[in-house]
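kindly return the folded structure for what I paste below:
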Amino acid sequence: MSVHTEDDGRRRVSVPQPIANLDDTEGRAEREALKSLGPDTLMMVGDHQPLPAMPEKPKLLDFYTLRFGKTARNHLLQSAALARKAGHGEKIVLACLLHDIAMGALIRTDHGYWGAQLIAPYVDEEVAWAVQYHQALRFFPDPQVGYEYPQAYVRFWGEDYVVPDYLRQAYEAARGHRWYGSARAITLYDLYSFEENVTIDPGEFEDIIARHFRQPKEGLGFDNSATAHMWRTMIWPNNFL
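I've put the predicted structure just below:
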């Protein structure tokens, strides 16, 4: 990935290529993957078509089954399944299950940071840390663990794309951290978890969640945690009061 400069020394960042301009063959997978960043991420169907009712005391899996769209839900479940199949510990599997959860709160920009904040009151610090830093690590290869810069990113943003400074700084900070491997593991099972014909029952991870996710007795969104309002946003995405 090259960096070009203008005559005045400023770095030039290429504009992301519109989905419509992607080649039909090469761009099909990318278009499908990007659907997870669109309206299907949350089952938000409009003011006049109510969402499925949530339980009085929602648990984590209720958001997967009643609020997350099919594409987003399958992506998270496939990521976790791949991590488990590769033999990772339960905390890493949980981190993969949660890594894009902020998308469900209608937040795309800095989803790693938002996701880490959303889950911090309920998970081990390492899990939240890994979710936050996976966002930056996606843009930096690590051949030693088999992670190369995704060719899909080249097609999305162009060969001249320059990673923002704050993500580069985050990568450098994470590279020397004791939990680097945890965040890197998420990147390994992130890009390859958009299989259309693979459906995984969220209940397969119920035991892992029970052991590593502190579900409040009041229900997520009603326990007065620092992030309860974020869970309520997912419960009532159309509530503008």
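
mind listing what's buried in the biggest helix by length in the chain?
Counting by DSSP state H, the longest helix found in the chain is helix 70-85. The neighbour-count check on helix 70-85 (16 or more other Cβ atoms under 10 Å) flags 71-84 as buried. (Glycine included, C-beta is placed from N, CA and C.)

who's in contact with the most centrally placed residue in the chain?
Closest to where the C-alpha atoms of the chain average out (Cα atoms, centre = their mean) is D100, at 1.7 Å. By Cβ atoms under 8 Å, 6 or more residues apart in numbering, the contact list for D100 reads 36, 72, 75-76, 111, 115, 190.

so where's the protein uncertain?
Filtered on pLDDT under 70, the chain yields the residue ranges 1-49, 194, 241.

now do the strands in it.
Under the criterion DSSP state E, the chain carries no strands.

which residues in it form helices?
28-34, 60-66, 70-85, 90-98, 111-119, 125-137, 151-157, 165-175, 180-188, 206-212, 228-235.

winner for burial among those?
With neighbours defined as mean count of other Cβ atoms under 10 Å, these peak in mean count at helix 90-98, which reaches a mean of 26.

so how far is E218 from E206?
E206 sits 20 Å away from E218, going by Cβ to Cβ, to the nearest Å.

my bad, should have said Q144
44 Å.

higher neighbour count, those two?
Neighbour totals were compared for Q144 and E218, and E218 leads with 14 against 7 (other Cβ atoms under 10 Å).

burial measure for the closest residue to the more buried one other than its chain neighbours, as a count.
Sequence neighbours aside, K57 is the residue nearest to E218 in space, at 6.3 Å (criterion: Cβ to Cβ, 6 or more residues apart in numbering). Residues contacting K57 under the criterion other Cβ under 10 Å number 15.

so the longest helix of the chain versus helix 90-98, what angle?
Note on geometry: by axes from the mean of the first three to the mean of the last three Cα atoms, to 10 degrees, helix 70-85 and helix 90-98 are set 160 degrees apart in direction.

what's helix 70-85 in contact with?
32, 35-36, 40-42, 64-65, 68, 92-101, 103-104, 185-186, 188-190, 192-195, 198-200, 202, 204-205.

contacting residues around R168?
So R168 contacts A136 (Cβ under 8 Å, 6+ apart).
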